[in-house]
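In: mind folding the following:
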Amino acid sequence: MRKTGAVTVFLLVVSLALVTVASAEDDGWLRPKTEDDALIWGRRDGLIFGLPSPGGLRGPRGLIRVGVLGEDGEPELINFIAIEPVVKGAGRRASRMAFSELEMSTLDPRQRGKRLWTDDWAGELTTLPAKPEPIQQLSVRIDVERFTANGAHVFVTARMSSDRPHELELIVHHHDDSAPIEELTVTATMGNYERLRRLWLRDRLVDSRELYAGYTGDGFIDRENYPRDEMLTYGDGDALVLATTNEEEPASVKVSAKPWWTYKSIKLTQYWRVPAWHIQPDLRVKVNGRRVYWNSTDPIPGGPSFENFEVRQRYVPDQVFIFGLTPTSPRDFVPAIPRLASRTQER
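Out: Residues are numbered from 1 along each chain as shown. Here you go, the predicted model:
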């Protein structure tokens with residue numbers, strides 16, 4: 001009896017130790033606990049991301065969801081990220097391009113939007129030795145249904161690090177049976193939700209209200225690209241571009257005609273960062289804008305804002321694009337961002 005009791009106590013102690021380790025390992029992380037949970041991952045102290053799933057962040061198919069946790073601890077959607085491969089070949093870029101949220105699915109008949117899924121619902125959590133404390137990284141492989149418009153067959157690795165909780169690394173890849181890829185763009189598609197109107201470039205601000213002044217239509221407003229030499233440089237030579245709203249409290253504006261467009265979160269800075277070693281010579285910023293909300297004639301309160309916000313460049317397998325969401329304003333980054341626009345350009 002004593003021996004059996006000792007074994008029982010030993011097993012109980014081991015079990016408790018394992019539970020403690022598992023809890024410590026998940027400290028600060030949000031991720032599914034079972035395969036039936038909503039597909040949402042990320043940091044409780046920063047950015048979260050998700051895929052279409054029951055109970056998950058709302059939105060159309062074919063889009064990665066990006067957001068934050070609200071004051072009540074519930075996920076709040078901020079933007080979507082679409083996957084837009086361009087294949088090599090003759091003709092205009094637009095004719096060789098596909099859109100993950102617009103193309104009809106062949107895996108799920110009569111459904112608009114390519115299927116996005118993962119076979120590893122918990123993600124892979126690893127620990128890297130570092131000082132003053134180890135760094136944890138969470139990686140989730142996101143599979144993307146083959147595009148029928150251009151034959152592209154790609155997938156994305158989403159990765160976050162505990163030491164950079166406000167950033168989502170998107171690492172893009174292709175399958176061997178894919179049509180040759182020229183560019184594999186990941187684009188933030190819903191800038192109108194927070195009403196992003198300021199584009200922060202080197203030494204200047206581009207204001208959507210000035211850029212799109214005089215436009216009276218209901219479609220997308222497209223203008224020029226902004227090449228690498230107009231982007232900001234940060235850290236060890238990374239390319240950086242940021243977008244912000246001009247409003248102090250965007251959640252205070254109610255969109256009565258389309259209540260689902262009423263912004264519900266805090267004011268955030270949204271940005272793309274490309275690590276120096278992933279920069280290609282043709283790197284550029286691309287934005288478009290809208291005067292009215294998508295699929296409506298309802299004007300955006302306060303004037304036109306940027307809708308799609310992305311960086312484009314020649315595809316190289318495993319290249320990295322980093323999307324950031326932070327309550328820190330561009331002028332308050334640490335370390336400071338060199339060559340920001342003068343304060344006189346803000347209004």
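In: just the helices in this structure please.
Out: Assigned helices in the chain, in chain order: 2-25, 191-194, 208-211 (criterion: DSSP state H).
In: which one of those helices has the poorest average confidence?
Out: Ranked by mean pLDDT, the helices of the chain bottom out at helix 2-25, with a mean of 37.
In: what's across from Leu325 in the sheet?
Out: According to DSSP bridges, the residues that bridge with Leu325 are Gln270.
In: burial of it, as a residue count?
Out: Neighbour count of Leu325, defined by other Cβ atoms under 10 Å: 25. In this view, the C-beta of every residue, glycine as well, is placed from N, C-alpha and C.
In: do you know the pLDDT at it?
Out: 99.
In: list the contacts of it.
Out: Taking Cβ atoms under 8 Å, 6 or more residues apart in numbering as the criterion, Leu325 is in contact with Gly46, Leu47, Val66, Gly67, Val68, Ile78, Asn79, His166, Leu168, Leu268, Thr269, Gln270.
In: OK, contacts around the closest residue to Gly303 other than its chain neighbours?
Out: Using Cβ to Cβ, 6 or more residues apart in numbering and skipping the chain neighbours, the partner closest in space to Gly303 is Arg209 (4.4 Å). Residues near Arg209 by Cβ under 8 Å, 6+ apart: Arg197, Gly302, Gly303, Pro304.
In: out of these, grab the one that's most surrounded.
Out: In the contacts of Arg209, the most neighbours by other Cβ under 10 Å go to Arg197, 27 neighbours.
In: residue contacts, that residue?
Out: Contacts of Arg197 by Cβ under 8 Å, 6+ apart are Asp207, Ser208, Arg209, Thr244, Thr245, Asn246, Gly302, Gly303, Pro304, Ser305, Phe306.
In: where in the stretch 101-250 of the chain is pLDDT low?
Out: The stretch 101-250 of the chain contains no residues with pLDDT under 70.
In: now the strands for it?
Out: Listed in chain order, the strands of the stretch 101-250 of the chain (DSSP state E, counting those that start in this stretch) span 116-117, 124-128, 135-144, 154-161, 164-174, 181-188, 196-201, 204-207, 220-222, 226-227, 232-234, 238-245.
In: nearest to Val287, of the ones you listed?
Out: The closest of the strands of the stretch 101-250 of the chain to Val287 is strand 196-201. By Cβ to Cβ, the value is 6.2 Å.
In: paired strands for that closest one, with orientation please.
Out: Checking strand 196-201 against DSSP bridges gives partners strand 204-207 (antiparallel), strand 238-245 (antiparallel).
In: so how far is that strand off the chain centroid?
Out: 17 Å (Cα atoms, centre = their mean, to the nearest Å).
In: next: stretch 169-181.
Out: The mean C-alpha position of stretch 169-181 is separated from the chain mean by 18 Å, Cα atoms, centre = their mean.
In: what sits up against that stretch?
Out: 64, 81, 85-89, 146, 150-161, 184, 186, 315, 317-323.
In: mind checking the longest strand of this protein?
Out: strand 75-87 (DSSP state E).
In: I'd say Pro227 and Gln280 touch.
Out: No. Taking contacts as Cβ atoms under 8 Å, Pro227 lies outside contact range of Gln280: 11.6 Å.
In: higher neighbour count, those two?
Out: A side-by-side neighbour count of Pro227 and Gln280, using other Cβ under 10 Å, places Gln280 first with 15 against 12.
In: how near is Tyr293 to Glu224?
Out: 24 Å (Cβ to Cβ, to the nearest Å).
In: same deal with Leu69?
Out: 37 Å.
In: comparing these two, which residue is more hemmed in?
Out: Ranked by neighbour count (other Cβ under 10 Å), Leu69 and Glu224 place Leu69 first, with 19 against 10.
In: report the contact partners of that one.
Out: Counted by Cβ under 8 Å, 6+ apart, Leu69 has contacts Leu30, Arg44, Ile48, Pro75, Glu76.
In: what's the answer for Ser100, then?
Out: Gly62, Leu63, Ala82, Ile83, Glu84, Gly113, Lys114, Leu116, Val144, Phe147.
In: do that again at 10 Å, thanks
Out: The neighbourhood of Ser100, defined by Cβ atoms under 10 Å, 6 or more residues apart in numbering, consists of 60-64, 80-85, 113-116, 144-145, 147, 152, 154, 156, 186-187, 189.
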